[in-house]
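Q: from the sequence below, what's the structure:
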Amino acid sequence: MNLTNIIIILILLFAVYVVASYNGFIVLRNRIKEALSGIDVQLKRRTDLIPNLVSTVKGYAKQEKDVFLNVTKARSALMSAKSVSEKAKANNMITSALKSIFAVAEAYPELKSSTNFQDLQRQLEDTEDKIAYSRQFYNSNVLDYNNKIAVFPGNVIAGVFGFRENEFFQTEGEEEKKNVKVDFS
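A: Numbers count the residues shown, from 1 in each chain. So this is what the prediction gives:
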């Protein structure tokens, strides 16, 4: 082999590496989009359950207007959130609002024993578990993507093609990190 053939082979190997790296970034970016979509599906499911929960609780606790207003505001914020940080902030508002509703329910034993309320409670508990899983799946994909952007030689390829780090889906503060308690048995 002469020097020209060696140079051509090295250039081809480099080109293959660049294409493979670029495609790897695209795959990871698409996984992040899919994972965020999974979070959106679960957050939408939760926002769909909230009106039923509110109407069930309202039937027993008509005087708790502030709680219902806060739940409605939080639900609207979540439905209008666009960015990951807006969704995370709205998710935290919903979590806090749900805690308030369940605190109100504690004061009404007949509400806690209602079949409709118990069914909604189970559905919300299931949804909260799915949200936690979806958030973890999203954050794992973001970690892989951000790591690939940060390490050499991926950082060079990422810089050339304009790939930027993604933000994690995070809760704020210690209170928001606690699970919503939905078990009243």
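Q: my read is that residue 47 contacts residue 97, right?
A: No: Residue 47 is beyond contact range of residue 97, at 11.0 Å (criterion: CB atoms under 8 Å). All C-beta atoms are positioned from the backbone trio N, CA, C, and that covers glycine.
Q: which neighbours do those two have in common?
A: Common neighbours of residue 47 and residue 97 are listed as residue 75 (criterion: CB atoms under 8 Å, 6 or more residues apart in numbering).
Q: who has more neighbours out of the two?
A: residue 97 (24 against 17; other CB atoms under 10 Å).
Q: helix or strand: which one has the more buried one?
A: helix 84-106 (DSSP states H and E).
Q: and residue 73, by the same measure?
A: Judged by DSSP H and E, residue 73 forms part of helix 65-80.
Q: what does the next helix or strand after the helix holding residue 97 contact?
A: Next helix or strand after helix 84-106 toward the C-terminus (DSSP H and E): helix 109-112. Under the contact criterion CB under 8 Å, 6+ apart, helix 109-112 has outside partners 56, 57, 59, 60, 61, 105, 106, 117, 118, 184.
Q: and the fifth one, what is it in contact with?
A: Listed by CB under 8 Å, 6+ apart, the contact partners of residue 61 are 67, 104, 105, 107, 108, 111.
Q: what does the fourth one give?
A: For residue 60, the residues meeting the contact criterion (CB under 8 Å, 6+ apart) are 105, 108, 110, 111, 114.
Q: determine which two of those are furthest apart.
A: Maximum pairwise distance in the contacts of residue 60, criterion CB to CB, is 10.2 Å, between 105 and 110.
Q: quick one: which of the two has more around it?
A: residue 105 (22 against 9).
Q: wait, the more buried one touches residue 57, no?
A: Yes: between residue 105 and residue 57 a contact is recorded at 6.1 Å, counting by CB under 8 Å.
Q: shared neighbours of those two, anything?
A: If you check residue 105 and residue 57 against CB under 8 Å, 6+ apart, the residues they both contact are 111, 117.
Q: point out where the chain drops to low pLDDT.
A: 62-63, 172-185 (pLDDT under 70).
Q: got the angle between the longest helix along it and helix 84-106?
A: Secondary structure of the chain read by DSSP state H shows that its longest helix is helix 3-60. Angle, helix 3-60 to helix 84-106, by axes from the mean of the first three to the mean of the last three CA atoms, to 10 degrees: 30 degrees.
Q: picking that back up, and the helix holding residue 97, what does it pack against?
A: Contacts defined by 3 or more CB pairs under 8 Å, 6 or more residues apart in numbering; DSSP states H and E place helix 84-106 against helix 3-60, helix 65-80, helix 109-112, helix 115-150, helix 173-177.
Q: for those helices, which one sits closest to residue 93?
A: The nearest among the helices and strands packed on helix 84-106, by CB to CB, is helix 65-80 at 3.8 Å.
Q: contacts for that closest one, please.
A: By CB under 8 Å, 6+ apart, helix 65-80 touches 43, 47, 50-51, 54, 57-58, 61, 86-87, 89-91, 93-94, 96-98, 100-101, 104.
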